[in-house]
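> Sequence first, predicted coordinates after that:
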There are 2 protein chains.
Amino acid sequence: MKKHAKWVWIAVAVLLVFPLSLPAEEGMFLLNQLPMERLRAMGFQLSADDIYRPGGGGLSDAVVMVGGGTGAFVSPKGLILTNHHVAFRAIQINSSPEHNYIREGFWAKTLQEELPAPGYECYVTLSFRDITDRVLKGISRDLKAVDRFKTIERRISEIEEKESDENKGIEARVVSMYDGMYYYLFKYLRIRDVRLVYAPPQSIGNYGGDIDNWMWPRHAGDFSFLRAYVGPDGRPAEYSKDNVPFSPRTYLKISTKGIREGDFIFIMGYPGRTMRYRSSYSVRYAQEVSYPLRIRLFKDMIAVLEEEGEKNPELKIKFASRLMGLNNVLKNNQGMLEGLKKSRLLKRKLEMEEKLQEFLRSNPDLEKKYGHVLDQIGALYAGLNKTAYRDLLLGFMNYGSQMYNFASTIYKWSLEKQKPSKERDPQFHDRNIKRLKERMKLAQRDLHPPTDARMLEMFLLKLSELSDELQPLPVKEIFQRYPELGKKEAVHRFVQELYSKTQLADLDARMRMMEMSNEQLMNLNDPLVRFAAEMNPVQEAVQKESEAFSGEISRLRPLLIQAIREWKKTDLYPDANRTIRFTYGTVKGYEPRDAVIYRYATRLSGVLEKDTGEEPFNCPEKLKRLAEKKDFGPYVDPVLGDVPVDFLGTTDITGGNSGSPVMNARGEYVGIAFDGNYESMTSDWQFDPDLTRTIAVDVRYILFILDKFSGARNILEEMTIQ
Amino acid sequence: MKKHAKWVWIAVAVLLVFPLSLPAEEGMFLLNQLPMERLRAMGFQLSADDIYRPGGGGLSDAVVMVGGGTGAFVSPKGLILTNHHVAFRAIQINSSPEHNYIREGFWAKTLQEELPAPGYECYVTLSFRDITDRVLKGISRDLKAVDRFKTIERRISEIEEKESDENKGIEARVVSMYDGMYYYLFKYLRIRDVRLVYAPPQSIGNYGGDIDNWMWPRHAGDFSFLRAYVGPDGRPAEYSKDNVPFSPRTYLKISTKGIREGDFIFIMGYPGRTMRYRSSYSVRYAQEVSYPLRIRLFKDMIAVLEEEGEKNPELKIKFASRLMGLNNVLKNNQGMLEGLKKSRLLKRKLEMEEKLQEFLRSNPDLEKKYGHVLDQIGALYAGLNKTAYRDLLLGFMNYGSQMYNFASTIYKWSLEKQKPSKERDPQFHDRNIKRLKERMKLAQRDLHPPTDARMLEMFLLKLSELSDELQPLPVKEIFQRYPELGKKEAVHRFVQELYSKTQLADLDARMRMMEMSNEQLMNLNDPLVRFAAEMNPVQEAVQKESEAFSGEISRLRPLLIQAIREWKKTDLYPDANRTIRFTYGTVKGYEPRDAVIYRYATRLSGVLEKDTGEEPFNCPEKLKRLAEKKDFGPYVDPVLGDVPVDFLGTTDITGGNSGSPVMNARGEYVGIAFDGNYESMTSDWQFDPDLTRTIAVDVRYILFILDKFSGARNILEEMTIQ
């Protein structure tokens, strides 16, 4: 699942009554809107206050955003239980061919042995509230789309700046709910020193690898432990030897009582993004344009990294995290595409919209208010379709080639720094510059210029194959530069020249460039920076189009949702947007297809059943011996007659929820969510209660691995086990 | 499953008490040895006499051997219900790009429209009895292995010749039971005019194709109808317009009452070959030598046919049947290999043999009688290992290149015809020559000399890569002929020259050669015949080695089985050998792996679920419409709430059983066996009651397709439906 949802820096609030007519387990609820009646009927033993209190003290205080996913405090000393794949970059960064923690696993026997995890931050939600009025005040419906976008963007920036308190480590974020209908202000405690405590070997933590990713039955022990550190004064601080473990206001207690099919469970976490109220135009664009193009691009990028990685083991480690990410989004997008087609969502959306229009036509007032919305959305998407492939290429070129990304960021910053902070693109606001520089430093670890050059070459070649009208001018000029060469050879020669002369691969040179004025920078005459400068107007034009689209669509989408509300006479829960949410359900298997039934849980014997001795099914010898000797300790499940490994629940999650705690009716920790089943990939677009499942590691498997496999008594003793 | 077991032309009898200590459903029982007590306990409502009567009149009269599989009479007019894949060659031979019965299906509305199925014969079992004494009389234990083999082979030939009556269409076959411990004489009515009556389109009959082959859940309607014809006098005769439908002594009644999980079922059919009593040496040879080599070879042959088939649609049809066969044995051998490894059969055989030796050592008499057997078997296999790859190449070269096969057969026949019939290799006995010529004629339909040349080239190249010691002399000489060329080019040039000059692709020329004396033949100076003549001493030497192995192993294997009997104090049922057998069990799903349950039956809705619109999941539009309109007729199953498609049973079958009738406790037709599940592939070596399943088409699906899809009222009316 591992899709690292991008932060949505737009924001906020809504008063909803969550209707009982939803499918039992659908919904990612805001913490002040729990469907208590239904929860109690299902056996939930806590109160709404036990979950979240605006002043702090609810279980939610223990649930943090970390490493693109979610984690939970499980000790009074800031110990965080999260997924192996969420902690993976921390494991990778600390690994080398000599100390391969990916392969061998990692275990700090003392606080001193814990390893820094640069780039990792941990966000604790402190509070949230509706500030729609502050954001939208006085914005007229007639405002031009780009201006509307810019105005909202600027107000959000101002509010975030005003409400943050860097000194206390408090960060404010404004997020939109319902695609721009409401805006919420969230306040977080941002902890910047996070360390690696324990990771099982990859052959447990990612057992089954890409083959099993999104699949059931699953046998991965996808967990790791991190720890949050703060300054000796208790306030968040940069990494320092002198920092001390953070004391969370609340932490979760581990239950060893186990779960059975039918048990009530709930999850808190930070789901990234869902699109449950989108129009047929949006679905058609995803299905016919966006996913197919992205899939092609991901495959090409994976091929480059795999080929280069095969050449030496060091590169293989360097690229491991990017490959894991790319393979994951590839499988996700493939599943999405397949799922959208199979479930015929487009057809159903079209039918739904036809009925909606019929309803609107029956009421002149509503017709006037909403009758035009779908057509207008359609017109917007028609514009998007034309340039989609070019925009995608230009976007992913920055991901594929880090060096190109350095060049264009440095160039853009040299222009933006001439303006006052507030008028800049938000990523260049004063308060974000430090983070930007850190990222640029961190990137050095993965950097491999020859591979990077191959990537840039691939993207330029693809751009050169666009129609004349869409082809960026600087790309056309490459061929004029080498009239004697064919396209492929010209691009190759051009990129080779850029990389042989640029200074950007050198960290110090790069960081110096970040400090230069535009004039100084251009005087350097670095060829890659120069090329980025030539590309800048193209990138800016694309960004402007994208802002216009956002400005317009953020006006239209809320109207569509309101129209649906008028029609259905009911309120709807808000789409996921990386803010903390609550979802509930039961432990339950499913029937994936005719004549096949999936049980709710897997067993240790199933781990051995899959073992081939070869990655990703290379079960560690020691684990095999424990299983064969039935040395299960107290972790055996009486129903399964074996150590439980993973289980299924009907809870409603998505990417970003990775690492979320799964709790029983009493709020005790019983498992850690780490994936959805293949059939649930399209749940971002629609929730199917028959097929959508959360996959979690049973906490008893975690305890079994810590105890019997690793002998990690210090971690077991630190947690409160009930 | 579709593996077309070769006839085992060695033969005979045994008095067994089938022990109740076997796993409930294990065993392919001879018809005079039914475990009646156990059957009655499970609900069987017939008597042993109802199944088989030596004078005729039992249900077994309706169960015939046909097209490499099994079929059953289902009307008084010789209508045979068998698998689509068993009838496939008959469908293919009658197909052309204009009348593509593979794609469209076929339906004869009258007897006159039924199409001849050349090459198809139908065998009805008349009787069988033990003749061990006649075969083994006076054969001393000291006889040399080759002589022992030759003596038994000659006696069997004599008995078969004596007991057959070509005039009445009665054919005698002598078969060994327990790898040579006993010999049985079987008498058959051999019907030589078989016609195609009905076949569904491949998108029903082979829905899921190679992807679903051996798989569950399955959704294939793998059935077709043939009809047996005899001369106007009621005796078997060659195809003629004047022939009339055969009247079987018994035919099976169709039940529409349906089956449910747990129901008793039984099957009669002609299973090809099992190896349940083989030694560890045999298992090791299969696992480490034979299967891996065969898999490599099958893949290479498939690649050639697929590449050539892609070039034009006519070739694709030409090669369809061979490709289907090759893909099937490939998947089978892959499954076997995987299954053998996974089930650790070798390890268990070794442990078992160690215990057996221990037991033998405890009794000096038994030790003397049997103590040496395993070592001697081991020594035999050691010899086999050395030449295995060469022998395999030489064997399959005759399958891969039909032209080479023509050449070597014609050459050998020109030598053999100089001897009296009885002293020849059995395939050249007078009574077999006619059949040989027919096959040679039929082969013309599939023949494509350029592809054939590629095949021969591939095999010669592989032979040329053998060690100097193993490399056949005529292959070495190819390179001396073209000293200027590399190996690959030399073989290519050589084969091109053979094919540009040989007359063998011409049917008439070929049939004329069959009539020539050796001198006449050699005077023709046909280069391919000449090459085959040069290869003949090599092939003969290999055959001699193989006969020595057979002679010796057929003495040792019965001793091993007797030793096991002494040890276990129990009798054992005989391995399959393509004679008629009875197996029973229940309708039942299974659990293939941790957390997965397979239901006992699939449904029509599952057919649509798999539909992609593309082969092999291209569900016909009409079938989709029937399913969507729920136009099920009376064929809906009350438990499934849908038309049933395929179901699982615990019965013990193997290749050769394809097309076998599945009957309920009252002996009524409820389904047609067509495959085993993937996990059951290794059941040829060992039977695992938890995982071994028969896959059958529910007869209600057959009726539904005939009625609702095709409207084939004439066929429905011809059958007796209860």
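That came through, no problem. Residues are numbered from 1 along each chain as shown, chains lettered A, B, ... in the order given.
> If you rank every helix and strand of chain A by mean pLDDT, what lands last?
Least confident helix or strand, chain A: helix A:313-343 with a mean of 87, by mean pLDDT, DSSP states H and E.
> Can you name the next helix or strand after it?
Going down the chain from helix A:313-343, the next helix or strand is helix A:345-361, by DSSP states H and E.
> From the contact counts, what lies against that next one?
Applying 3 or more C-beta pairs under 8 Å, 6 or more residues apart in numbering or on different chains; DSSP states H and E, we find helix A:345-361 packed against helix A:280-285, helix A:364-370, helix A:373-400, helix A:527-568. In short, each C-beta sits where N, CA and C put it, glycine included.
> try 6 Å
Packing partners of helix A:345-361 (3 or more C-beta pairs under 6 Å, 6 or more residues apart in numbering or on different chains; DSSP states H and E): helix A:280-285, helix A:364-370.
> Go through the ones you listed and pick out the most buried.
Most buried of these, by mean neighbour count (mean count of other C-beta atoms under 10 Å in any protein chain shown): helix A:280-285, with a mean of 21.
> Mind exporting the C-alpha coordinates of it to PDB?
Extracted in PDB, the C-alpha atoms of helix A:280-285 (Å, rounded to 0.1, in the frame of the first residue of the first chain):
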ATOM      1  CA  SER A 280     -17.500  10.800 -14.300                       C
ATOM      2  CA  TYR A 281     -15.000  13.100 -16.000                       C
ATOM      3  CA  SER A 282     -12.500  12.600 -13.300                       C
ATOM      4  CA  VAL A 283     -13.000   8.800 -13.500                       C
ATOM      5  CA  ARG A 284     -12.600   8.800 -17.200                       C
ATOM      6  CA  TYR A 285      -9.500  10.900 -17.100                       C
END
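> ok, and what's touching stretch A:273-283?
Contacts of stretch A:273-283 with the rest of the structure, by C-beta atoms under 6 Å, 6 or more residues apart in numbering or on different chains, involve A:5, A:345-346, A:349-350, A:353, A:377-378, A:381, A:561, A:575-576, A:654, A:684-685.
> In contact with the nearest residue to A:Lys544 once chain neighbours are set aside: list those residues for me.
Once flanking residues are discounted, A:Lys544 sits nearest to A:Val146: 6.7 Å by C-beta to C-beta, 6 or more residues apart in numbering or on different chains. When contacts are counted by C-beta under 6 Å, 6+ apart, A:Val146 touches A:547-548, A:551.
> sec struct for A:Val146, please.
Under the three-state scheme (DSSP: H, G, I helix; E, B strand; the rest coil), A:Val146 adopts helix.
> Please report how far it lies from chain B.
44 Å (C-beta to the nearest C-beta, to the nearest Å).
> so how far is A:Leu394 from that residue?
19 Å (C-beta to C-beta, to the nearest Å).
> likewise A:Gly231?
Distance from A:Gly231 to A:Leu394, by C-beta to C-beta: 42 Å.
> For stretch A:117-129, list every residue counted as buried.
Neighbour-count burial for stretch A:117-129, counted by 16 or more other C-beta atoms under 10 Å in any protein chain shown, picks out A:117-126, A:128.
> cool, and stretch A:133-147?
Residues of stretch A:133-147 classed as buried: A:134-136, A:143, A:145-146 (neighbour count, 16+ other C-beta under 10 Å).
> any idea of the mean pLDDT in it?
The pLDDT scores in stretch A:133-147 average 89.
> distance between the ends of that stretch?
Start-to-end span of stretch A:133-147 (C-alpha to C-alpha, to the nearest Å) is 18 Å.
> can you give me phi and psi for the residue of chain A most remote from its centre?
Ranked by distance from the centre of chain A (C-alpha atoms, centre = their mean), the top residue is A:Glu484, with 45.9 Å. A:Glu484 adopts backbone torsions of phi -80, psi -10, taken as degrees, to the nearest 10.
> Tell me the confidence at it?
For A:Glu484, pLDDT reads 91.
> again with the one 4 residues further on
The pLDDT attached to A:Lys488 in the predicted structure is 93.
> did I read that right, it in a helix?
Yes. Judged by three-state DSSP, A:Lys488 forms part of a helix.
> For chain B, see how far away the closest residue to it other than its chain neighbours is.
Spatial nearest neighbour of A:Lys488, chain neighbours left out: A:Leu461 (6.5 Å); criterion: C-beta to C-beta, 6+ apart. Distance, A:Leu461 to chain B, using C-beta to the nearest C-beta: 30 Å.
> Mind telling me what element A:Leu461 is part of?
Per DSSP H and E, A:Leu461 falls inside helix A:449-464.
> just the CA coordinates of that helix, formatted as PDB?
The C-alpha trace of helix A:449-464 is given here as PDB (Å, rounded to 0.1, in the frame of the first residue of the first chain):
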ATOM      1  CA  PRO A 449      25.000  10.500 -11.700                       C
ATOM      2  CA  PRO A 450      25.400   7.900 -14.500                       C
ATOM      3  CA  THR A 451      22.000   6.400 -13.700                       C
ATOM      4  CA  ASP A 452      20.600   9.900 -13.200                       C
ATOM      5  CA  ALA A 453      21.800  10.800 -16.700                       C
ATOM      6  CA  ARG A 454      20.100   7.800 -18.200                       C
ATOM      7  CA  MET A 455      16.900   8.900 -16.600                       C
ATOM      8  CA  LEU A 456      17.100  12.500 -17.900                       C
ATOM      9  CA  GLU A 457      18.000  11.000 -21.300                       C
ATOM     10  CA  MET A 458      14.900   8.900 -21.300                       C
ATOM     11  CA  PHE A 459      12.600  11.800 -20.400                       C
ATOM     12  CA  LEU A 460      14.100  14.100 -23.000                       C
ATOM     13  CA  LEU A 461      13.700  11.500 -25.600                       C
ATOM     14  CA  LYS A 462      10.000  11.000 -24.700                       C
ATOM     15  CA  LEU A 463       9.500  14.800 -24.800                       C
ATOM     16  CA  SER A 464      11.100  14.900 -28.200                       C
END
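> Please consider this matter closed, and thank you.
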